[in-house]
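Student: Next comes the sequence, and after it the predicted model I'd like to discuss.
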Amino acid sequence: MASRYHEVYEAWQRDPEAFWAKAAAEIDWVKPWDKVFDPSMGGYGQWFAGAECNTCYNCLDRHVERGRPGQPAIIYDSPITGAKAVFTYEETLARVNAMAAVLADHGIGKGDRVIIYMPMIPEAVMAMLACARLGAVHSVVFGGFAARELATRIDDATPKAIVAASCGIEPGRVVAYKPLLDAAIDMSRHKPEACFVLQRPQAEAALGGARDHDFGALTADALAQGREVPCVPVKATDPLYILYTSGTTGQPKGVVRDNGGHMVALKWTMENHYGIAPGEVFWAASDVGWVVGHSYIVYAPLLQGATTVVFEGKPIGTPDAGVFWRVISEHGVVSLFTAPTAFRAIKKEDPEGKLIGDYDLAAFRTLFLAGERADPDTIAWAEDKLGVPVIDHWWQTETGWPIVGNPVGLGMLPVKHGSPTVPMPGYDVQVVDDAGHPVARGTLGNVVIKLPLPPGCLPTLWNAPERFHASYLEEFPGCYKTADAGLMDEDGYLFIMARTDDIINVAGHRLSTGAMEEVLASHKDVAECAVIGVADQLKGQAPCGFVVLKAGVNRPHAEIEKELVALVRDKIGPVAAFKLAITVDRLPKTRSGKILRATMRQVADGTEYRMPATIDDPAIIDEIAAALKERGLPVAG
């Protein structure tokens, strides 16, 4: 069908307030708004000022009341433990009521903060909704996060309570959470009044003192009693959650999400961007510790009355590179949203995609990729092997939903590999030079968004309005700084090339590491890669490429590296000065799959660095350092 995108985007441009008021009709409000948008509130204004609502009611109660009580709300699938479960909307609501009752019994109410420190289990989703039901503000911290990092979040959010699991389960190991939690509380200045621990059979935690409570037992009692807790009305502009993202200073930034605008934006995206109808099964293969988990495992699917999948596993190794296809086939998933790194891992293990043929994917119709740049080679591989549209889209923790994408629900636009396509309604995306002046189409520059940001984006940082202004609004007045670099082509398609700190300056030429990565990824033997700029006395910076080879490649590494250098020279030109390609077994990443390029660059330059709290496996940094040392770089200790 012909896309309605241009018509819809122009309708937003003509009258943004009317556009979002119409979208807001999809949400149940306790009290309507006084103003659709109030420019006097917050850093750049706030949406639905004066309105009252409850996010949990919109996610659960209204579906139970209006004909969906028996429909699955949550499908839990854990290949790591072998556990599977389905919870209907009615069952989910009963459990959320029970959890809310337990929290309320211990004094948790409107405005109180609750940290949730849990793995990918249904109770994590339910605990988030229980907080929303009470008007409490949740802050999910990735399960198993280091004690020191958890302590910084405890001190910043000052939670009244923490909800945790006794352990998380990774392939081949069990991670006990309670010792990490106890150590974090010992370190923190703020002391929560209560810790609720859900006991998992793989490693039960020792509970001690008046602070610790058995969350499973208390919830089971409340459930048996059929306890119900009314939804607490909150202002649309009140915070729903705080989600911490790593800050450049090492001090985490608490991104705040409000209740009203968040619901309006997410509900709009499910139908218009992702093309998901109520009752369909949508799977975001992420973690509730990340923004993708908040938006597209928990809130958006449930606001839409769809079914969401909570998956406790990995794209490979639980048990093999076919697990995604098994889950899609078994649960009737129509759409999968995951990070490109997951597909690169699958492609590395099963380059021919043979395992796909073992499963019936008849219901599956779209794959969405986001979280990092999707290289064209990975997109082409997925298109070829799956035979469905592969949609790259771009957004951030701060925005909470897609800035740029290909709106499936409005009718897809032509795909251009390497571009997440076009700005969504609500976002006036511009590419500017360092002085804030627009650059010509096709020219690399700073990607900014003209203010105001649309509903659902961060109104501020938790307890840090000055830092919010300095981080996002100061450098380009009247605009939000994305800190991404890119270009826009003649058709209005955006190409995100790198974080602005990944633009390297080689003898005065500003070059994108993303463009070089694209070339390296096109080599038949390369599974994934990363390019960084390393200090060079003559040119200022020189590019250095790290490559991980596909499974089964037995050619000499030196031969492949020589081909890669020639390939970059051929595709980008001598100006790139690309002379160093290094083969490694793996790349350092965050738990969400983002490659830690900045840390790699610091190691290569021999400068001091702080091990990122979000790193999946710190040992990989030593492997990278050893590989660099072999090539004679200074290397940080």
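Tutor: Yes, it's here. Worth saying up front: this structure is predicted, and the values here are computed from it rather than measured. Residues are numbered from 1 along each chain as shown.

Student: Now do the strands in the stretch 151-300 of the chain.
Tutor: Taking DSSP state E, counting those that start in this stretch, the strands of the stretch 151-300 of the chain run over residues 161-165, 167-170, 173-176, 194-198, 212-214, 234-235, 239-245, 253-258, 281-284.

Student: Tell me which of the ones you listed sits most buried.
Tutor: Comparing the strands of the stretch 151-300 of the chain by mean neighbour count (mean count of other Cβ atoms under 10 Å), strand 161-165 ranks first with a mean of 27. C-beta here means a position set from N, CA and C on the backbone, and glycine is covered the same way.

Student: if we can go back for a sec, of the strands of the stretch 151-300 of the chain, which approaches residue 361 most closely?
Tutor: strand 281-284 (12.5 Å; Cβ to Cβ).

Student: how far out from the middle of the chain is that closest one?
Tutor: Strand 281-284 has its C-alpha centroid displaced from the chain centroid by 14 Å (Cα atoms, centre = their mean, to the nearest Å).

Student: again, but for stretch 107-118
Tutor: For stretch 107-118, the distance to the chain centre is 22 Å (Cα atoms, centre = their mean).

Student: domains of this protein?
Tutor: Domain segmentation of the chain under automatic domain parsing yields 5-313+393-486, 507-630.

Student: and those, which one's lowest on average pLDDT?
Tutor: Mean pLDDT is lowest for domain 507-630 among the domains of the chain, at a mean of 86.

Student: which stretches of the stretch 351-500 of the chain form strands?
Tutor: 366-369, 390-392, 404-405, 422-423, 429-432, 445-450, 479-488, 494-499.

Student: Adding distance to residue 634 and mean neighbour count, write these out as CSV.
Tutor: Converted to CSV, the strands of the stretch 351-500 of the chain look like this (distance: least, Cβ to Cβ, whole Å; neighbours: other Cβ atoms under 10 Å):
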stretch, distance to residue 634, mean neighbour count
strand 366-369, 36, 23
strand 390-392, 36, 25
strand 404-405, 38, 25
strand 422-423, 42, 22
strand 429-432, 35, 19
strand 445-450, 30, 22
strand 479-488, 27, 22
strand 494-499, 23, 23
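
Student: do you know which of the ones you listed lies nearest residue 110?
Tutor: That would be strand 479-488 among those, by Cβ to Cβ, at 29.5 Å.

Student: quick revisit: give me whichever of the domains of the chain is most buried.
Tutor: domain 5-313+393-486 (a mean of 20).

Student: Where does residue 321 sit: helix, strand or coil?
Tutor: Three-state assignment for residue 321 (DSSP: H, G, I helix; E, B strand; the rest coil): coil.

Student: That one: how many residues sit nearby?
Tutor: 23 (other Cβ atoms under 10 Å).

Student: re the thing from before, for residue 70, find the nearest of the strands of the stretch 151-300 of the chain.
Tutor: strand 281-284 (15.1 Å).

Student: ok, residues contacting the closest one?
Tutor: For strand 281-284, contacts defined as Cβ atoms under 8 Å, 6 or more residues apart in numbering pick out 72, 75, 270, 274, 276, 292-293, 295-297, 301, 306-309, 311, 327-328, 331-338, 363.

Student: hey, C-alpha coordinates of it in PDB?
Tutor: What follows is strand 281-284, C-alpha atoms only, in PDB (Å, rounded to 0.1, in the frame of the first residue of the first chain):
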ATOM      1  CA  VAL A 281       2.300 -11.100  19.900                       C
ATOM      2  CA  PHE A 282       5.200  -8.600  19.900                       C
ATOM      3  CA  TRP A 283       8.700  -9.500  21.100                       C
ATOM      4  CA  ALA A 284      11.400  -7.000  22.100                       C
END
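
Student: can the domains of the chain go into TSV with extra columns for distance to residue 496?
Tutor: TSV is the format used below for the domains of the chain (distance: least, Cβ to Cβ, whole Å):
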stretch	distance to residue 496
domain 5-313+393-486	4
domain 507-630	7
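
Student: out of those domains, which comes closest to residue 382?
Tutor: domain 5-313+393-486 (11.1 Å).

Student: wait, what's in contact with residue 265?
Tutor: Contacts of residue 265 by Cβ under 8 Å, 6+ apart are 23, 400, 401, 426, 454, 455, 456, 457.

Student: Show me those that map onto helices.
Tutor: residue 23 (DSSP state H).

Student: coming back round to it: including distance to residue 222, could the strands of the stretch 351-500 of the chain go into TSV?
Tutor: Below are the strands of the stretch 351-500 of the chain laid out as TSV (distance: least, Cβ to Cβ, whole Å):
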stretch	distance to residue 222
strand 366-369	37
strand 390-392	41
strand 404-405	41
strand 422-423	46
strand 429-432	47
strand 445-450	44
strand 479-488	43
strand 494-499	46
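
Student: To residue 542, which of these lies closest?
Tutor: strand 494-499 (15.9 Å).

Student: tilt between the closest one and strand 445-450?
Tutor: 120 degrees (axes from the mean of the first three to the mean of the last three Cα atoms, to 10 degrees).

Student: what helices or strands is strand 494-499 leaning on?
Tutor: strand 479-488, helix 513-521 (3 or more Cβ pairs under 8 Å, 6 or more residues apart in numbering; DSSP states H and E).

Student: Phi, psi for residue 48 please.
Tutor: Per-residue torsions, residue 48: phi 60, psi 40 (degrees, to the nearest 10).

Student: Correct me if wrong: it contacts residue 260.
Tutor: Yes. Taking Cβ atoms under 8 Å as the definition, residue 48 is a contact partner of residue 260 at 4.0 Å.

Student: Quick check: neighbours shared by the two?
Tutor: Common neighbours of residue 48 and residue 260 (Cβ under 8 Å, 6+ apart) are 24, 33, 236, 237, 455.
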